[in-house]
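Colleague: Mind folding the following:
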Amino acid sequence: MKKKIANRRDQLHAYKGQQTGLMRLFRRCAKGEISSGQFYKDLPCYWSDELNDRFTGPGFARSAKDDDRDDIVVEEIDRLREERVPTRKAFLSEMLCLRFPKEYPVWNKPVEAYLQAVGFKAPRKASDGVRYVDLAKKLRFSLLQNPDHPAQNLAELDVVIWLGYGQK
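Modeller: Numbers count the residues shown, from 1 in each chain. So this is what the prediction gives:
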């Protein structure tokens, strides 16, 4: 597990070198300066296995500003659901986890399997966005309650979950 967590730390470090360009790419697409197609064409220049900053394999002091970010995350995940973007949870959550590794987890199949195994229940009738932020808060709290855990943030916790619930 320690080797996997060390690798995740390397990925976070590699991301720091690509962060400025990746954020610029997001802003350009958000402003309509480039198309979605161009965004996805350029994305591997900033986020890929080759750059070692991609988490997914193939296939608690919080400020008002952070709370505002949670609201924006909820809105964006829900908007992507309405637009029927199939990769919305895994992709957007990984981007958030890269940028804010202490605050947002990756939301993928191993995490879903883990949640089911531990009996995680999101609020009834919650939207995907609300479910994701609720998950983030619970995982943050879990790490705070377990200071001796080898994972120091949600990005590192993701690799631990992959070890137990990922494809074998």
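
Colleague: C-alpha from now on. contacts and neighbour counts both.
Modeller: Will do.

Colleague: List the contacts of the lowest-mean-pLDDT helix or strand in the chain.
Modeller: Every helix and strand in the chain was compared by mean pLDDT, DSSP states H and E; the lowest is helix 64-82, with a mean of 77. Contact with helix 64-82 is made by Arg88, Lys89, Leu92, Ser127, Asp128, Gly129, Val130, Tyr132, Val133, as judged by C-alpha atoms under 8 Å, 6 or more residues apart in numbering.

Colleague: and the second one, what element?
Modeller: Counting by DSSP states H and E, the secondary-structure element that holds Lys89 is helix 88-99.

Colleague: List the buried residues of that helix.
Modeller: By neighbour count on 16 or more other C-alpha atoms under 10 Å, the buried set for helix 88-99 is Arg88, Lys89, Leu92, Ser93, Glu94, Met95, Leu96, Cys97, Leu98, Arg99.

Colleague: just stretch 148-168 next, same as before
Modeller: So, applying 16+ other C-alpha under 10 Å, buried residues of stretch 148-168: 151-162, 165-166.

Colleague: low-confidence ranges in the protein?
Modeller: By pLDDT under 70, the low-scoring segments of the chain are 56-67, 168.

Colleague: quick one, helices of it?
Modeller: Using DSSP state H, the helices found in the chain span residues 2-30, 36-42, 64-82, 88-99, 109-118, 128-145, 154-165.

Colleague: mind exporting the least confident helix or strand of the chain as CSV, just the C-alpha atoms?
Modeller: Extracted C-alpha coordinates of helix 64-82, given in CSV (Å, rounded to 0.1, in the frame of the first residue of the first chain):
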residue,chain,number,x,y,z
ALA,A,64,-17.2,30.0,2.8
LYS,A,65,-15.2,30.1,-0.4
ASP,A,66,-14.8,26.3,-0.3
ASP,A,67,-18.5,25.9,0.5
ASP,A,68,-19.3,28.1,-2.6
ARG,A,69,-17.0,25.7,-4.6
ASP,A,70,-19.1,22.8,-3.3
ASP,A,71,-22.2,24.5,-4.6
ILE,A,72,-20.6,25.0,-8.0
VAL,A,73,-19.5,21.3,-8.1
VAL,A,74,-23.1,20.2,-7.4
GLU,A,75,-24.4,22.5,-10.2
GLU,A,76,-21.9,21.3,-12.7
ILE,A,77,-22.3,17.6,-12.0
ASP,A,78,-26.0,18.0,-12.2
ARG,A,79,-25.8,20.0,-15.5
LEU,A,80,-23.6,17.3,-17.0
ARG,A,81,-26.2,14.7,-16.0
GLU,A,82,-28.9,16.7,-17.7
